Every structure is written in C-alpha cells, then in structure tokens.
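J.: Give me a model of this one.
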Amino acid sequence: MTVWGALVGGLVGTVVLTSGLRVAQELGWTRMDIPLLLGTVFTDNRSRASVFGYALHFVNGLLFALVYYAIFRAVDHAGWGFGAALGVVHAMFSGGALVTVLLPAIHPRMGTLWSDAEETPLLEPPGFMLVNYGRRTAVWTLLVHVAYGAIVGGFAARLG
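T.: Predicted structure coming up:
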C-alpha cells in the first residue's frame, strides 16, 4: 500500500464521483451541482464559480484520499471493500456535518435556517444528506462516495 496509489485512486475516484453526480443532475435525478455549490463560496459569477468549484472538488478529492491512506496505514489494510466501507462513512460525513452544518455557516451566498426575507441567498441550504436537492440526491451521493472509496482503497492496495 502506497500514498501514491491512494493519490492516483483519489484522482480517478474524484473523476468518477464528480462525473456520477453530473450525470445524475443531467438525468434529473438531483438538482445538486457540487462545483457551483463550492465555487459560489468565492464568487457570485456562475461560470467562474463552476471553474473554482471543480478545482476545489478535485483538491478535496486528493485530500480525502490522504485521509483514507492514513486510515489504511493505521489499520494496516487497504482494499476495494474496506475503501467502499470508508466511502459510506465519507458520504455520511459529507452529507451530514460538512454540508448541513459547516458549509451553510461559512458560505456567503447560501441560505440557512435562520435566513430571513431581507436576505436573498443565491443557493438554498442542502439539508441533511442533501435532500433539499431531491430525495434521490441522498442515494446517488452515497453510491458515488462508495465508488470513490472503493477506487481509492483498490488503488492504494495495488499500486506500489
């Protein structure tokens, strides 16, 4: 198991995760647009926000791959199955604390539970497991994070 394998897996896994979420959006299974959600932290220009958001999402994918690698090293095991299990935890963290509590608290263009009629947010808050963007969003988010985790785990175990 190597850190380089985990990083390559993080790159491939992020492509799969991001593409999977984009496909779900294009098919009407979700209204969530992760690059827009992340990018509008920095700008209200939608085109620039998507570019910033894609870049940030890929950086996050690599950072999460390093977290996965640290866990693999700590338990001295990496693999597709273990990575997939970590993907479930990752999805719960991302859909729970990260986008429910942390992102709305720091996002200057996102509404919150305490937003009032005097404010005009650009984005609605995602809600727990992103259900404000459609019920299928929670399921699809879980599936693509499991795929991400499996890919990171598999690459970390095989490349070296």
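J.: Give me the phi and psi for the nearest residue to V3 once chain neighbours are set aside.
T.: Spatial nearest neighbour of V3, excluding adjacent residues (Cβ to Cβ, 6 or more residues apart in numbering): Y69 at 5.3 Å. Quick note: C-beta positions are derived from backbone N, CA and C, even for glycine. Backbone torsions of Y69, given as degrees, to the nearest 10, read phi -60, psi -40.
J.: where does this protein have low pLDDT?
T.: Along the chain, the model assigns pLDDT under 70 to residues 111-122, 160.
J.: What helix or strand is the closest residue to I106 other than its chain neighbours located in?
T.: The shortest distance from I106 to any non-neighbouring residue, by Cβ to Cβ, 6+ apart, is to V41 (7.2 Å). Following DSSP states H and E, one finds V41 outside all helices and strands.
J.: For V41, give me its contacts.
T.: If a contact means Cβ atoms under 8 Å, 6 or more residues apart in numbering, then V41 has F52, I106, H107, P108, R109 as its contacts.
J.: Please look at the last one and D44 and confirm they touch.
T.: Yes - the criterion here is Cβ atoms under 8 Å, and R109 meets it with D44 at 6.0 Å.
J.: Settle it for me: which of these two has more neighbours?
T.: R109 (16 against 11; other Cβ atoms under 10 Å).
J.: most centrally placed residue in the chain?
T.: S94 (6.1 Å; Cα atoms, centre = their mean).
J.: Make sure P125 is indeed in a helix.
T.: No - P125 is assigned coil when assessed by DSSP: H, G, I helix; E, B strand; the rest coil, not a helix.
J.: I figured it hits P104, correct?
T.: Yes - using Cβ under 8 Å, P125 is in contact with P104, at 4.6 Å.
J.: Three-state assignment for T141, please.
T.: helix.
J.: if we can go back for a sec, now do the residue nearest to V3: how many residues are near it, please.
T.: The burial count for Y69: 23, using other Cβ under 10 Å.
J.: Noted, bye for now.
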